[in-house]
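[1] I'll drop the sequence and a predicted model, then ask my questions.
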Amino acid sequence: MNTEQDLKVIAEQEARLRFERFDAAVAWKLGVRLKEAAEGLHSAIAMDISLFGQPLFFYAMPGATPDNADWIRRKRNVVQRFHRSSYAVGLMLKQKESSLEARGLNPQDYAAHGGSFPVFVQGVGCIGAITVSGLPQREDHELVVEVLAGYLGLPYEELALDP
């Protein structure tokens, strides 16, 4: 994995994976797709789709724990604070040899680990986040990106991180 290359690809993902509109019905459809994709991985994953301040979809697969829900909350807080994916923030901090704690943020409330992706609405900005927890952070991130790309009709192969 090349950090610089991953950051370029994530910036492209964030630029292209945007909605014309986003509401509870869109969140439900996305959540169902995310659940179906996660089931194919046979892993204990929890997932959440929220507008900032309003949960719209949550599902914990068999085997997921309350710890997964807490990771979701902490990753989502990073997206809400920076309007960037939690994985991008983590990679940028690593690149700068810094941490969220060094920026004055409590690690009990913020986690710069992959798995939370901003919900951008064209002409509006960042309004929420789609978050998963249960896989290694890079895989959490890519699961969300793959589902978003499919929902928005974009080829995932053009947006995927290099293996």
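    Cool, the structure landed.

[2] could you show me where the helices are in this structure, in order?
    3-16, 24-39, 66-82, 86-95, 137-152 (DSSP state H).

[3] need the longest strand for this protein.
    Criterion DSSP state E: the longest strand present in the chain is strand 125-133.

[4] and it, what does it pack onto?
    helix 24-39, strand 46-51, helix 66-82, strand 116-121, helix 137-152 (3 or more CB pairs under 8 Å, 6 or more residues apart in numbering; DSSP states H and E). C-beta coordinates here come from the backbone N, C-alpha and C atoms, glycine included.

[5] Please put the alpha-carbon coordinates of the third one into CSV.
    Spelled out, it's helix 66-82. Output of helix 66-82 as CSV, limited to C-alpha atoms (Å, rounded to 0.1, in the frame of the first residue of the first chain):
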residue,chain,number,x,y,z
PRO,A,66,-21.4,-3.2,21.0
ASP,A,67,-17.7,-2.4,20.4
ASN,A,68,-18.5,-2.2,16.6
ALA,A,69,-21.2,0.4,17.3
ASP,A,70,-18.7,2.4,19.3
TRP,A,71,-16.2,2.3,16.5
ILE,A,72,-18.9,3.5,14.1
ARG,A,73,-19.7,6.5,16.4
ARG,A,74,-16.0,7.4,16.6
LYS,A,75,-15.3,7.1,12.9
ARG,A,76,-18.5,9.0,12.0
ASN,A,77,-17.3,11.8,14.3
VAL,A,78,-14.2,12.1,12.2
VAL,A,79,-16.2,12.5,9.0
GLN,A,80,-18.5,15.0,10.7
ARG,A,81,-15.5,17.0,11.9
PHE,A,82,-13.3,17.0,8.7
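
[6] how far is it from where the chain is centred?
    9 Å (CA atoms, centre = their mean, to the nearest Å).

[7] Also stretch 79-97?
    The answer for stretch 79-97 is 11 Å, by CA atoms, centre = their mean.
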